[in-house]
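1. How does the following fold in three dimensions:
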Amino acid sequence: MNTIEHYDNLIDKNNDPVRDPEILKQHMDKWDFWQYTAENENATYACINFGDASVPKEIADRAICIDEDIRKVIYDLQ
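-> Here you go, the predicted model:
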């Protein structure tokens, strides 16, 4: 299965983080990628998030933010 098929499959199954169980959301909230990026000068933060692709100014020079649906981004990359 290629990347596009993978994401198409997730979308078709309504596998969206908004629908994740609360326990999973709590687990994922523990991952502070902004802080990890700030603390590691070699890190780059990447975000694809339709409607809210934002980043703190402290790491803006080492961030790639795309305000778009990930399905479209993957299609466009191929």
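2. Output the below-cut-off pLDDT ranges for this structure.
-> 1-4, 6-7, 15-19, 28-30 (pLDDT under 70).
3. What ranges does it have for its helices?
-> Secondary structure of the chain (DSSP state H): helices at 3-12, 22-29, 33-39, 70-77.
4. Can you say which of these is nearest to E58?
-> Ranking the helices of the chain by proximity to E58 (Cβ to Cβ) places helix 33-39 first, at 5.6 Å. The C-beta positions use only the backbone N, C-alpha and C, and glycine is treated the same way.
5. if we compare the helices of the chain, which one ends up closest to G51?
-> Using Cβ to Cβ, the helices of the chain put helix 70-77 closest to G51, at 11.9 Å.
6. nearest to C47, of the helices of the chain?
-> The nearest among the helices of the chain, by Cβ to Cβ, is helix 33-39 at 8.4 Å.
7. quick one: buried residues of the closest one?
-> If you call a residue buried by 16 or more other Cβ atoms under 10 Å, then helix 33-39 has these buried ones: T37.
8. Use 32 as the first number for this chain going forward.
-> Done: numbering now begins at 32, and the last item shifts to helix 64-70.
9. Tell me the gap between it and the middle of its chain.
-> In terms of Cα atoms, centre = their mean, to the nearest Å, the centre of helix 64-70 is set 14 Å apart from its chain centre.
10. Repeat that for stretch 96-106.
-> How far stretch 96-106 lies from its chain's middle: 10 Å, per Cα atoms, centre = their mean.
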